[in-house]
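Asks: Got a predicted structure plus its sequence, pasted below:
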Amino acid sequence: MNRKSFFSLLLILGLSHATVTAAKDMDGQYAVFGVGAENCAAYLVARDHGGAAERWYHHWLAGYLSAVNNAGASTYNILGDKSMSDILDWLEGYCAANPNANFANTTADMVAILYADRQNMAPGKKGGWDKVMELPVTPPAR
């Protein structure tokens, strides 16, 4: 096996074992801004009242999910084939069962569940491993 093929294989193996990692400090903490710092009970109250209070959560959630799409490894759309309505239903159920849970942590837990089924490239776009596999088998002549 030539050197280039060996390193390509190492790259493929390394990337195939990549997992979701969260950016946190050495103690596993991170700063949360906005309504994400509230607990699930506060979210459920805002949802029940509707209006501006509920929209704040929806906007915060949209920003969080957009950041995951931007920073997540091989992630175009963390929602995959789920709709925002599906996500809100999941959050409602989780928050009803865990009213004291922090909303940002709840969202992070949801993202970890969604990661396996995320959309990893834009619709209609070709790319990915097939480009690596098309490398010449023999090294170019010198």
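Replies: Noted; the coordinates are in hand.

Asks: top helix in this structure by residue count?
Replies: Counting by DSSP state H, the longest helix found in the chain is helix 51-71.

Asks: Which strands and helices lie in contact with that helix?
Replies: Judged by 3 or more CB pairs under 8 Å, 6 or more residues apart in numbering; DSSP states H and E, the packing partners of helix 51-71 are helix 40-49, helix 84-97, helix 103-114. Bear in mind the C-beta positions are built from the backbone N, C-alpha and C, glycine included.

Asks: how about these in a markdown table, adding mean pLDDT, mean neighbour count and distance to Gly34?
Replies: As requested, those are exported to a markdown table (pLDDT from 0 to 100; neighbours: other CB atoms under 10 Å; distance: least, CB to CB, whole Å):
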| stretch | mean pLDDT | mean neighbour count | distance to Gly34 |
| --- | --- | --- | --- |
| helix 40-49 | 98 | 16 | 12 |
| helix 84-97 | 97 | 14 | 15 |
| helix 103-114 | 96 | 18 | 9 |
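
Asks: angle of the longest helix of the chain against helix 84-97?
Replies: Following axes from the mean of the first three to the mean of the last three CA atoms, to 10 degrees, one obtains 110 degrees for the angle between helix 51-71 and helix 84-97.

Asks: Centre of the chain to helix 51-71, how far?
Replies: Computed by CA atoms, centre = their mean, to the nearest Å, the separation of helix 51-71 from the middle of its chain amounts to 13 Å.
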